[in-house]
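Asker: could you work out the structure for the sequence below:
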Amino acid sequence: MAIALASGALSAFLYYGATQRVEIVTASRDVEVPRPLSRDDLDVRQISADLAPTDAIVKVEDAVGLVPRSPLLRGQIVIARGLASGLSDLRSGIALASTQRAVAVPVTAVNAVGGAIVPGSRVDVLSVPVLGRAPAGRTVELLASSALVLDVRGESGAAFTMRDPKASLTVDRIASVVIAIATADEMRFADRIATSTFVLVLATDR
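Answerer: Model prediction:
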């Protein structure tokens, strides 16, 4: 009898845990361009408590007016660490250290790992001298190792966003990749941008 009662209590506890629901805030539509969220951008739905992220936003008013650090897709759970208090010049919202500067390195997709670079990536930056611009004798240089990618920009200068060619006649192309560099490297990068082309190599911490 005691075993049966204990088993029943355990089953009830497990059933309650599996069926317990919580309310969380989700995106009601795609938000591709960073901007303050409005009430119409947000929705509330219930999910299993086990599936809710620990920092999920649970009240719509807690997200209204804040800016997503990256694009939101319809139905995506809105989390606190994914929101910023204001618009950032960089889509990623990554903050620079006081000893760093942001610089845009001009590249095409083929020189940027085929376009497979996104904010948060780590890259090695190779400088290839241009004949007639660079001083004689200069060879390929490693300008930066494992540099943090802050943003990827298109030909318009705006943040680059992949688009479906079927959805629009205008398809943006990668024009530059914004990386974080040490303050002491500013002058060297400025010189190489005027005299070189660049190749970005995807780096990994593994």
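Asker: bridged to the residue nearest to Val140 when sequence neighbours are not counted, which residues?
Answerer: Leaving aside its sequence neighbours, Val140 sits nearest to Val128 (C-beta to C-beta, 6 or more residues apart in numbering; 5.4 Å). Bear in mind the C-beta positions are built from the backbone N, C-alpha and C, glycine included. Using DSSP bridges, the bridge partners assigned to Val128 are Thr197.
Asker: could you check the distance from Val128 over to Val64?
Answerer: 48 Å (C-beta to C-beta, to the nearest Å).
Asker: count the residues that sit near the residue nearest to Val140.
Answerer: Residues lying near Val128 (other C-beta atoms under 10 Å) number 16.
Asker: if I pick it, what's in contact with it?
Answerer: By C-beta atoms under 8 Å, 6 or more residues apart in numbering, Val128 lies in contact with Val140, Ser196, Thr197, Phe198, Val199.
Asker: which of those residues are buried? Put it as a ChimeraX command.
Answerer: To isolate the buried subset of those in ChimeraX, counting by 16 or more other C-beta atoms under 10 Å, use the following:
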select :196,197,198,199
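Asker: out of the contacts of Val128, flag the one nearest to Ala102.
Answerer: Relative to Ala102, the closest of the contacts of Val128 is Phe198; by C-beta to C-beta it sits at 15.5 Å.
Asker: let me see the contact set for that closest one.
Answerer: Val105, Pro106, Val107, Asn111, Val125, Leu126, Ser127, Val128, Leu143, Arg192.
Asker: narrow the residues you listed to those that are buried.
Answerer: Buried members of those, scored by 16+ other C-beta under 10 Å, are Val105, Val107, Asn111, Val125, Leu126, Ser127, Val128, Leu143, Arg192.
Asker: what's the closest of the residues you listed to Leu83?
Answerer: Among those, Val105 lies closest to Leu83 (C-beta to C-beta), at 28.6 Å.
Asker: sec struct for that closest one, please.
Answerer: Secondary structure, DSSP: H, G, I helix; E, B strand; the rest coil: Val105 is strand.
Asker: right, I'll leave it there.
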